[in-house]
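Student: sequence plus predicted model, see below.
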Protein chains: 2
Amino acid sequence: MYFDAIKQMKKHLGQLDKWLETAATLAETKKFDAKNFMGLRLSVDQFPFGRQVQVVCDTAKTVAARLAGKEAPAHADTEQTLEELRARIKTVIAYLDTFSAADFANAATQKITQPRWEGKWMTGADYFLEHGQPNFYFHLTTAYALLRHNGVGIGKRDYLGTLTQHAPA
Amino acid sequence: MYFDAIKQMKKHLGQLDKWLETAATLAETKKFDAKNFMGLRLSVDQFPFGRQVQVVCDTAKTVAARLAGKEAPAHADTEQTLEELRARIKTVIAYLDTFSAADFANAATQKITQPRWEGKWMTGADYFLEHGQPNFYFHLTTAYALLRHNGVGIGKRDYLGTLTQHAPA
């Protein structure tokens, strides 16, 4: 089930990549600098758009790595353009593709911590449910909200992507 | 694991209730009508704030019911105030409290459909992962974004709530 959840994050990253493409097209059509998207915020004390996308990427990457007991590759957060963000997304998708279901055999009982927790730790099961997954969707939806708020033509279907539906029985 | 996920939704509904309390306090302090929150949107073709909260409630309710093979109670979407929204949230929390782990024994293989799918259906496992959970977080985070955008003093900790952390070993 953790592997399925990581595949779902990968799917959302693919959708996020498409939103950025739509945003770049809007900039072209309306003849403004696509970099203008990078600094958008809904509140002055909130991460700007570029950082939101970086955090979506980092959350997917670290959740997968931590649950599998691996070390995630580092990324320098140097992206200045939508194209660079899209390259980052593709890097993370490729990283997620290196995992298999077997990597998550001990995910639920992994002991997860991070520097800001000052030694406190969570089980993999709790970390995933209470922290990793909510954070992933938080930054993904915030990125979506920033684009919608600024006229990028995306909708709920672009958020969900293709559903695994079966024909009427 | 579906039961754990429903409990996590319940936790988020409790946090959402606190955000609404903080929003009501801001209205009192700044002496504006708290109903002003109800119609907020980030985009003209988006559900307003009040509807976002209703959909968060409905998503939690219908995900739990569908995965358990039950019929969810109907709510009339008549809320006009933050207080009425908070009452709705509490009703859904109480409904989620009626479920036990055993209710979700067959969740993964439930055959899930809804009128707009025109007969197409999803397995419970796919529906939860690809539709129910992403939609829940989508509307929850959109409600959060609308409040943040309008000066309500909430932050990431109010989104995540208390984490199940263990003392340093």
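Tutor: Thanks, I have the structure now.
Student: which residues in chain A form strands?
Tutor: Using DSSP state E, the strands of chain A run over residues A:111-112, A:122-123.
Student: pLDDT score assigned to the spatially most central residue of chain A?
Tutor: In chain A, the centroid-proximal residue (Cα atoms, centre = their mean) is A:Val56; its distance is 2.8 Å. pLDDT, A:Val56: 98.
Student: A:Thr78 now?
Tutor: A:Thr78 carries a pLDDT value of 96.
Student: next one: A:Gly14
Tutor: Value listed for A:Gly14 in the pLDDT field: 98.
Student: contacts only, for it.
Tutor: A:93, A:161 (Cβ atoms under 8 Å, 6 or more residues apart in numbering or on different chains). For every residue, glycine as well, the C-beta is placed using N, CA and C.
Student: please report the distance of it from chain B.
Tutor: From A:Gly14 across to chain B, the span is 13 Å (Cβ to the nearest Cβ, to the nearest Å).
Student: quick one: closest of the strands of chain A to chain B.
Tutor: Closest approach to chain B among the strands of chain A (Cβ to the nearest Cβ): strand A:122-123, 5.5 Å.
Student: what lines up beside the closest one in the sheet?
Tutor: For strand A:122-123, the paired strands and their directions (DSSP bridges) read strand A:111-112 (antiparallel).
Student: pLDDT averaged over the partner strand - what is it?
Tutor: 96.
Student: starting at the chain centroid, how far to it?
Tutor: Relative to the chain's own centre, strand A:111-112 is displaced by 21 Å; criterion: Cα atoms, centre = their mean, to the nearest Å.
Student: how about residues contacting it?
Tutor: So strand A:111-112 is contacted by A:66-67, A:121-124, A:127, B:169 (Cβ under 8 Å, 6+ apart).
Student: ok, now with 6 Å
Tutor: Taking contacts as Cβ atoms under 6 Å, 6 or more residues apart in numbering or on different chains, the residues outside strand A:111-112 that touch it are A:66, A:121-122, A:124, A:127.
Student: likewise for stretch A:140-154?
Tutor: A:12, A:19, A:22-23, A:26, A:40, A:49, A:52-53, A:56, A:159, B:42-43, B:138, B:141, B:145.
Student: just the CA atoms of it, as CSV, please.
Tutor: Extracted C-alpha coordinates of stretch A:140-154, given in CSV (Å, rounded to 0.1, in the frame of the first residue of the first chain):
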residue,chain,number,x,y,z
LEU,A,140,0.5,20.4,-4.2
THR,A,141,-2.9,22.0,-3.7
THR,A,142,-1.3,25.3,-2.7
ALA,A,143,0.7,25.3,-5.9
TYR,A,144,-2.6,24.6,-7.8
ALA,A,145,-4.4,27.4,-5.9
LEU,A,146,-1.7,29.9,-6.8
LEU,A,147,-2.0,29.1,-10.5
ARG,A,148,-5.8,29.1,-10.4
HIS,A,149,-5.7,32.5,-8.6
ASN,A,150,-3.6,33.9,-11.4
GLY,A,151,-5.6,32.8,-14.3
VAL,A,152,-4.0,29.5,-15.3
GLY,A,153,-6.7,27.4,-17.0
ILE,A,154,-6.5,24.2,-15.0
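Student: many thanks, I have nothing further to ask.
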